[in-house]
Each structure stands twice: as C-alpha cells, then as structure tokens.
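Colleague: Return a 3D structure for these sequence lines:
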Amino acid sequence: MISCSDDDPIEQEKGLLQLQSVRIGTLNLNANQTTEDAPIDKGVVISFSEALNKQTVETELKLFNSANTEVPLTISYLDQERTVSLIPESNLSNNSSYTLKIGQVQSVAENEFPGAEYTFQTIEGALTLEEALISEETLLTTSRITNIELTPQISLTFSDPLDPENDLNDFINIINKGAKLPLSFTLSNENKTLAISSTEAARDLAKYTLTISTNLKSINDFSFSGFTKEFYTQLDSTYKFPEISDEALLTKVQEQTFKYFWDFAHPNSGLARERNTSGDLVTIGGSGFGVMAILVGVHRNFITRQQAVERLNKIVTFLESADRFHGVWPHWMNGNTGATIAFSTTDNGADLVETAFMIQGLLTARQFLDESVPDELAIINKITALWEAVEWNWFQKEGENVLTWHWSPNFGFQMNLKIRGWNEALIIYTLAASSPTYPISKEVYEQGWAQNGGIQNGSQSYGITMPLGSNRGGPLFFAHYSFLGMDPTNLEDQYANYWEQNTAHTQINRAYCIANPLNYVGYSEAVWGLTASDNHEGYSAHSPNNDLGVITPTAAISSIPYTPEASMEAIRHFYYLMGDKLWGEYGFYDAFNITKDWYANSYLAIDQGPIIIMIENYRTGYIWDLYMADPEVQEGLTKLGFTY
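Modeller: Modelled structure (predicted):
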C-alpha cells in the first residue's frame, strides 16, 4: 500500500471555463439565433463561472457592427471578476445588426472557454420625458392645471440629450385657439433639460395647449412618442374699467342692459328680439320683461316718460293685431306681421307661460300709466282688453284641474305639457286666478300646480333647506321670472314663504359653485350662477343637476334681492376683472365657460330683462310696488290663499 501526505502536490487537470449568461440590458442573448429588439443605449454583460484572466478578456471579447467594423468598448469587471461589462463608447445604431464574438477566454485558473458568437438586432431608442414642470407644477398629471402665470415658465427633462442645433420651435408649441405663443428655449444638464419661456404674455383665463411633436428626436436619433397637455392661465387682476361706487355700477349695468330693449327693439313692433341675431323674430315672454324694463328706464331717467308712453303704445297696438289663440300669444312671432313663428314642430300656437310673462309686464305698465292723461288712458284700455281676452281656464284641458302649457290650431293639446311646480310658472297660476273674465279656481292651483303639497321638499344642501322643488333648486330663473313683478318679500301661502324659497335657492346655487364638485375652471365665491342660457354647445337650463361648466351672469346679478353682498361681489368681478371678455354693447354677454375657453357674444331677452328689473327691485322695489298695487292681482293672490 502506497500513501502520501497532505503536503504532496497534485497536478490538477485543466478544464472548461463555463459561460453562464450573456445579456444586453435586461435582454438575454441566445447563441443559436439572432435576438431582436436589443436596446441601443445599454451595455453587454457576460457572466462566467470563474474569475477571469483580464488579459484574455481584452483580446478575446469583440463586438462588430453589420459592416464588420469593431465597436470600441469600455471594459469593467463585476462579481469578483467573474462578470465582464462591455459598454460601447457611443450608443449603438438604430435598427442595426451586431455580432458579439467571444474567443478563447481563460480564467485565472487557466480554464478555457472554447468560444462562441451571438448576434442581435437593435431597436430604435426611445426619447422620454422624465420630468415636466410648469410654474413648479407637474405637467405629468391627469388633473386640470389651473392658475398658471401669464408668462409661463416650463422645464422639461428628457431621457436623452436634445440636439442644440435644432430649431425647437419646429417641435414645441403653446397654442390658444390657433394662436401660438412666441417661445424661447434654453438647454442645460448636458442638453437633457429644456427651459421654455414665452416672450409675450398669454391671455388671462384662457386654455392653452402645450404640444411636443412626435418628430422631435434626441441627438442620438431617439424618437419621441409625443406629448400634449392643457393648462389654464390665471386671472389678470388689473381692473378693465375705472372703479366707481357700487351704486354707480348698478346704474351703469341697468342703463347698458336697457339698451337691448330700447335701442335694439324691433323697429315695427317695439317688441324685444329673442336674441341679438334674431332679425324679425320677437319673443313674447322676453318682451314682457322688456315692458317692465321700459318702466325702469323712466324711473332711472334713461328715457323720458313721453318716450316710454310712445313705445308702450306701439307695443300694445301691435299685440292687438298679432296672432292670438284663445287670447294667448305664441312663444315667437314675426315683428313685422305678428304672424306666429313656430318654436318647434308642434309648438306653433298658444304659449300660456310666455303670455303670462307678457301680461305681468302689461299689468305693471297699466299701474304706471296715468288714466287722467288721455294718451295714457288709451293704452290702459288696450292693456285691459288684452288682459281680459286671455282664456286661462280654457287651458284646463277637458276640465282638468291643471293648466296645460301649449295649444296649437294644427295639433291641439298634443304637446300635453302640464304646468306643475316647482319651476318658473307660479306667475301663471296667480294671474289665472286674478283674471276677471276667465279665472281658474283655487283647486286648480292646489291640485295642478302645488300637486296637493307635492311641490314641497324640505331637504338640505350645504346646510341650507330647500322648501320647494327639486334638491339643489334647479336653474336660478325659477327665482326670477315669476318674481319680476310679484314681490316675494312677505309672500306666503300654505306651501312656502317665497322669500325663504328664493333665498335658499340662490344660496344653494352659489354654495354648489363654490364647492365645484365637477372641478370646472374659474368657479369661486365671486364667479357663480347657474341658469338657462347659451353655452358652448348651444343652449341648456344649467343647474347643479345639469352643470356644464357654464356661468351665466344674469343668474347671480338678478338674484341681488336675495343675496345682495354675494351678487354685488359677482357684479364687481364680472365688470372690473372680466369686463374685457363679458361687457359689451348691451351689458353683460350671456354666458361663459372658462373650462372650454368659451365666451358668448350673444344677448338673450329673457336673460337681460331680469338684470334690469331685479336690480331695481333690490334698490327701490319700484316694479314690485307697481305690480302688487294692481287690485286684480291682489284679489287673485288672496283667492289662492296668499298673504303678502
């Protein structure tokens, strides 16, 4: 038996060096096939089973491009020198083939790798936005970006350097309604960070869109997928008009708005055009508001009494010969001929609600006129005849205890829209009860309008109780149209106190706008008021239950009797701060939507009228006093159980 000691040397047999993995970035390479989609900005990492002989690594590891040109590499070692990292001195080319040749690399133990080749195809590198800021707010958000300064400062940080020789105006724009802001650009951070500033101020309260084109590439020819983000500029807080007292401002608003009904009235009939683009089309309800506006015009010395008398005579004389159906006028008519203009296919006849708004105005004018003056007495008599010709009870279709809104000589009561509360139509029932010729009974009011108490609510929104109608109150014209003449100050019946009703409605509407649950741009304590008006898509009855981001100045302004401080704050804001957008030839334009960057250039009679009248009712109660002094109106209210 032969033995040896532990100290005896044993010659070890040399073996193979094992290759464990080859990857580029996180992509594993396969020796048997070409690997697709290799990144162009990553190095090759090769791992072996043993620590490597660096001299053999540096001579036996080579990378070649498709032209068989060797790619210069920076070599480093990891994992106790068992892993080698090969970093190209510049990024690999897009969409190109490369071959990695691994020769007879040896380990420090002199074990040898027999050699292998790996091929891969690169993909185009991506240029991405790593950070994007505007006025220190991130642009990389799904939320609306608001209140941005008028000379916005933008910082963009990209994943790869931009080419400083490029004209970035070809790729980056900030646009509002087709108009580009002129931009200047500054590169820093090895050309990865781009500072953008505008060389002129942006529009205030406007929506701008930052766009980065998909044609933008990095200096390494990396492609960009594109970027678009909207932002909204802040309000320009400089006053657009000289500051005056609140009383003077209220007078200015009344006088400028009055021009719609005086200067822009239809020249033949004296009636109010539906809107500032209506031509010969006049509106009965809006003209009823216009009649009361004329009375305010005299009261405020915008016109003389004689001018008002002449205009009132023109109006009532025209109404005598205009189309009527059972004493009821249509919604629209031709201001030259008095012929009906259909409001819709089946609405081409009587409109009881529009007629009530006209009668409200005419009865107010009747109280204004002096029967001791022959010319004025003649108008009084004409008004009385028109008033007494309205067959209110005929609109109790087939004797129903409810009034129906429309009747057509072609379609009869086919529309079948019942006038039930709570909406703008309380005035219809009170006038119908007041009629000396065709009155309704108290039962029609109680069962039809009040639905035997069904109009009562009592729910709370924002801590405010809503006595009547729907939760959160509906559009604010409910608190205006019936109460232009009918004074709600002490008005009460078995269902509600109407001052409390209208005040709660207004307060809830404002509280909703302040809460702004749909996150529209611009709503605030001073910018509020949802009611029916034009909008960016057409026309709608805006309310907390139908909020499209549209603020209508008449809503807050005409609510001034109910919320004097809040309404005055809105008036000041609309005039001084937004007057360059909202103030025009006939007062405040109809509506605006900052979120959609839309500002109306329209005026509507039914929105302009309440502004003049309700401001006057707030200031002096003048129109309320005239209307409520009518003995027949008083009789009708008492008949229905109202106290006032």
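
Colleague: What residues sit buried inside stretch 615-627?
Modeller: 615, 616, 617, 618, 619, 622, 623, 624, 626, 627 (16 or more other C-beta atoms under 10 Å). Every residue, glycine included, has its C-beta placed from N, CA and C.

Colleague: can I get the CA coordinates of it in PDB?
Modeller: Taking Å, rounded to 0.1, in the frame of the first residue of the first chain, the C-alpha atoms of stretch 615-627 are listed here in PDB:
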ATOM      1  CA  ILE A 615     -81.600  95.300  -9.600                       C
ATOM      2  CA  GLU A 616     -84.300  97.900  -9.500                       C
ATOM      3  CA  ASN A 617     -86.400  95.800  -7.100                       C
ATOM      4  CA  TYR A 618     -83.400  95.500  -4.900                       C
ATOM      5  CA  ARG A 619     -82.700  99.200  -5.000                       C
ATOM      6  CA  THR A 620     -86.200 100.600  -4.700                       C
ATOM      7  CA  GLY A 621     -88.800  97.900  -5.000                       C
ATOM      8  CA  TYR A 622     -90.200 100.000  -7.900                       C
ATOM      9  CA  ILE A 623     -91.500  97.300 -10.200                       C
ATOM     10  CA  TRP A 624     -92.700  95.200  -7.200                       C
ATOM     11  CA  ASP A 625     -94.700  98.100  -5.900                       C
ATOM     12  CA  LEU A 626     -96.300  98.800  -9.300                       C
ATOM     13  CA  TYR A 627     -97.400  95.300  -9.900                       C
END
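
Colleague: With pLDDT added, can I get the buried residues of stretch 615-627 in CSV?
Modeller: Below are the buried residues of stretch 615-627 laid out as CSV (pLDDT from 0 to 100):
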residue, pLDDT
615, 99
616, 98
617, 98
618, 98
619, 98
622, 98
623, 98
624, 98
626, 98
627, 98
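
Colleague: if you look at these, which of them are in helices?
Modeller: Under the assignment DSSP state H, these contribute 615, 616, 617, 618, 619, 622, 623, 624, 626, 627 to helices.

Colleague: could you check the distance from the first one over to residue 622?
Modeller: To tie it back to what came earlier, the one meant is residue 615. Note on residue 615: its distance to residue 622, by C-beta to C-beta, to the nearest Å, is 10 Å.

Colleague: Identify the contacts common to those two.
Modeller: Residues touching both residue 615 and residue 622 (C-beta atoms under 8 Å, 6 or more residues apart in numbering): none.

Colleague: to the chain's geometric centre, what's the distance from the one helix or strand in the chain whose mean pLDDT sits lowest?
Modeller: The helix or strand of the chain with the lowest confidence, counting by mean pLDDT, DSSP states H and E, is strand 126-127 at a mean of 88. Distance, stretch centre to chain centre, for strand 126-127: 35 Å (C-alpha atoms, centre = their mean, to the nearest Å).

Colleague: Dump the C-alpha coordinates for the helix or strand just after it into PDB.
Modeller: Going down the chain from strand 126-127, the next helix or strand is strand 129-134, by DSSP states H and E. Taking C-alpha atoms only, strand 129-134 is exported to PDB below (Å, rounded to 0.1, in the frame of the first residue of the first chain):
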ATOM      1  CA  LEU A 129     -40.000  62.900 -20.600                       C
ATOM      2  CA  GLU A 130     -38.600  62.200 -17.200                       C
ATOM      3  CA  GLU A 131     -39.900  65.400 -15.700                       C
ATOM      4  CA  ALA A 132     -42.100  68.200 -16.900                       C
ATOM      5  CA  LEU A 133     -42.900  71.300 -14.800                       C
ATOM      6  CA  ILE A 134     -44.900  74.500 -15.400                       C
END
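
Colleague: in strand 129-134, what's buried?
Modeller: 132, 134.

Colleague: Parallel or antiparallel, which strands does that strand pair with?
Modeller: Strand 129-134 sits in its sheet next to strand 137-138 (antiparallel), strand 153-158 (antiparallel), going by DSSP bridges.

Colleague: For the stretch 451-600 of the chain, just list every one of the strands.
Modeller: 456-461, 464-468, 532-535, 538-541, 583-584, 587-588, 592-593, 598-599 (DSSP state E, counting those that start in this stretch).

Colleague: between these, which one is nearest to residue 486?
Modeller: strand 464-468 (14.9 Å; C-beta to C-beta).

Colleague: So which other helices or strands are in contact with the closest one?
Modeller: strand 456-461, helix 498-515 (3 or more C-beta pairs under 8 Å, 6 or more residues apart in numbering; DSSP states H and E).

Colleague: Spell out which residues sit in contact with residue 153, please.
Modeller: Here residue 153 is in contact with 134, 135, 195, 196, 197 (criterion: C-beta under 8 Å, 6+ apart).

Colleague: Of these, keep whichever come out buried.
Modeller: Buried among the contacts of residue 153 (16+ other C-beta under 10 Å): 134, 196.

Colleague: As CSV, the contacts of residue 153 with distance to residue 361 and pLDDT would be great.
Modeller: Formatted as CSV, the contacts of residue 153 follow (distance: C-beta to C-beta, whole Å; pLDDT from 0 to 100):
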residue, distance to residue 361, pLDDT
134, 52, 98
135, 51, 93
195, 61, 98
196, 57, 98
197, 56, 96
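
Colleague: now, the most widely separated pair of the contacts of residue 153?
Modeller: 135 and 195 (12.5 Å).

Colleague: where are the low-confidence patches of the stretch 201-350 of the chain?
Modeller: The model of the stretch 201-350 of the chain has no residue with pLDDT under 70.

Colleague: all strands of it, in order?
Modeller: Using DSSP E, counting those that start in this stretch, strands in the stretch 201-350 of the chain cover 207-212, 223-224, 227-232, 281-283, 332-334, 340-341, 350-351.
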